[in-house]
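Chemist: When you get a sec, could you give me coordinates for this:
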Amino acid sequence: MIILIMGVQGSGKTTVGRALASRLGWSFRDADEFHSEANKAKMAAGIALTDEDRAPWLAAIRAEMDRANAEHRNLVITCSALKEKYREQLAAPGSHLVFLRGDPELIASRINARPHHFANASLLAS
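Modeler: So this is what the prediction gives:
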């Protein structure tokens, strides 16, 4: 089984995903691991990623999901997956989607409390 945890940055995907994987004894992968350095640099500069920027990132996440299925390995994985076409691309067999959401002010405060993360609160609206 694969659990894909989705939501905007700062919604708690990594925190919830790590806790859930630990509790279940499953593998965990964070979507940030799959971003290229170019994507990270764009986001650090406050530039929202385009669909073209995201395409290889989403493909890499889906490939990890497919590997987990091929290896009969349970997986908790995160990805913002905010567009329906992204969720469709990530809809691997045996996958279940969990959507985390929250008050924009709360999420912005979480983002601002992460000084070493490449994405900042200016990207929240995008």
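
Chemist: CA atoms for contacts and neighbours, from now on please.
Modeler: Fine.

Chemist: Give me the pLDDT value at the residue nearest in space to the middle of the chain.
Modeler: Per Cα atoms, centre = their mean, the C-alpha nearest to the average position across the chain is that of residue 79, at 1.9 Å. Per-residue confidence (pLDDT) for residue 79: 94.

Chemist: Then residue 38?
Modeler: Confidence at residue 38, expressed as pLDDT, is 95.

Chemist: Next up, identify which helix or strand it is on.
Modeler: Assigning secondary structure by DSSP states H and E places residue 38 in helix 37-44.

Chemist: buried stuff in that helix?
Modeler: 39, 40, 43, 44 (16 or more other Cα atoms under 10 Å).

Chemist: Also stretch 42-54?
Modeler: Of the residues in stretch 42-54, those scored as buried under the neighbour-count criterion (16+ other Cα under 10 Å) are 43, 44, 46, 47, 48.

Chemist: Farthest pair within these?
Modeler: Of all pairs drawn from these, the widest gap by Cα to Cα lies between 44 and 48 and measures 9.4 Å.

Chemist: Just the local confidence number for residue 84, please.
Modeler: Per-residue confidence (pLDDT) for residue 84: 95.

Chemist: Also residue 67?
Modeler: Model confidence at residue 67, given as pLDDT, is 97.

Chemist: Tell me the helices and strands packed up against the host helix or strand of it.
Modeler: Following DSSP H and E, one finds residue 67 within helix 51-70. Using 3 or more Cα pairs under 8 Å, 6 or more residues apart in numbering; DSSP states H and E as the contact criterion, the elements in contact with helix 51-70 are helix 84-89.

Chemist: List the contacts of the helix it packs on.
Modeler: 58, 62, 81 (Cα atoms under 8 Å, 6 or more residues apart in numbering).

Chemist: Buried subset of these as a ChimeraX selection?
Modeler: The ChimeraX selection below is limited to those of the contacts of helix 84-89 classed as buried (16+ other Cα under 10 Å):
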select :58,62,81
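
Chemist: Okay, now the unreliable bits of this structure?
Modeler: Confidence mapping of the chain against pLDDT under 70 gives the ranges 107-108, 110-126.

Chemist: Give the buried residues for stretch 15-32.
Modeler: By neighbour count on 16+ other Cα under 10 Å, the buried set for stretch 15-32 is 17, 18, 20, 21, 27, 28, 29, 30, 31, 32.
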